[in-house]
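A.B. asks: After the sequence you'll find the predicted model.
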Amino acid sequence: MKTRKSIKGILPGNTCFRVLLGIWITFSACKSDTFFIDPQNPVLGKWVLIQMNDTRVESDEYQEFLPDNVLRFYRFNESAPFSESIYRINNSLLLKGRISENGRFAGEAYKYLFFDKGTKLKLIPDYDNTTIFSIAPIPVTIYKRIK
């Protein structure tokens, strides 16, 4: 008659506890709200505005940065974009705007900061590189990545 070995007999000392703890940590770290963030272009994806200057906001719109430098604007209750623009991103600036008639980029420039593991984006206006001006100052904004 064969005897069954308990897991305690197979794994010496606290190894059983360590294995179970490792499995628990592995699965608890996998959340459903994790995102793939492209290291070559971390702005890719959908973003919703959550803060302007020091004021929290609830927006019914979001913007999507596409790989071909197209920036689309959507309303949550509509499937088609209501507006489209272009963007450029480099090591220090994010530019949002359009190409003017003379072939030059015209738009707003922002210094940017990704935080909360890349799920939030802070845009700080850079007036020295902005080519479109309005009467009102451009606010500091914070966006949250969405699926």
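C.D. replies: Sure, I can see it.

A.B. asks: Leu66: neighbour count?
C.D. replies: 14 (other Cβ atoms under 10 Å). In this view, the C-beta of every residue, glycine as well, is placed from N, C-alpha and C.

A.B. asks: Just the strands from this structure, written as ranges.
C.D. replies: Shown for the chain, the strands assigned by DSSP state E span residues 45-52, 55-56, 61-65, 70-75, 83-89, 93-99, 105-115, 120-125, 141-146.

A.B. asks: could those strands go into JSON lines alongside mean pLDDT and mean neighbour count?
C.D. replies: What follows is those, written out as JSON lines (pLDDT from 0 to 100; neighbours: other Cβ atoms under 10 Å):
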{"stretch": "strand 45-52", "mean pLDDT": "97", "mean neighbour count": "18"}
{"stretch": "strand 55-56", "mean pLDDT": "96", "mean neighbour count": "8"}
{"stretch": "strand 61-65", "mean pLDDT": "97", "mean neighbour count": "18"}
{"stretch": "strand 70-75", "mean pLDDT": "97", "mean neighbour count": "16"}
{"stretch": "strand 83-89", "mean pLDDT": "94", "mean neighbour count": "15"}
{"stretch": "strand 93-99", "mean pLDDT": "92", "mean neighbour count": "17"}
{"stretch": "strand 105-115", "mean pLDDT": "92", "mean neighbour count": "17"}
{"stretch": "strand 120-125", "mean pLDDT": "96", "mean neighbour count": "18"}
{"stretch": "strand 141-146", "mean pLDDT": "97", "mean neighbour count": "18"}
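
A.B. asks: Out of these, flag the one nearest Thr131.
C.D. replies: strand 105-115 (4.9 Å; Cβ to Cβ).

A.B. asks: Give me the contacts around that closest one.
C.D. replies: 42-43, 85-86, 88-89, 92-100, 120-132, 138 (Cβ atoms under 8 Å, 6 or more residues apart in numbering).

A.B. asks: residues touching Lys120, list them.
C.D. replies: Lys120 sits next to Ile50, Phe114, Ile142, Tyr143, Lys144, Arg145 when contact means Cβ under 8 Å, 6+ apart.
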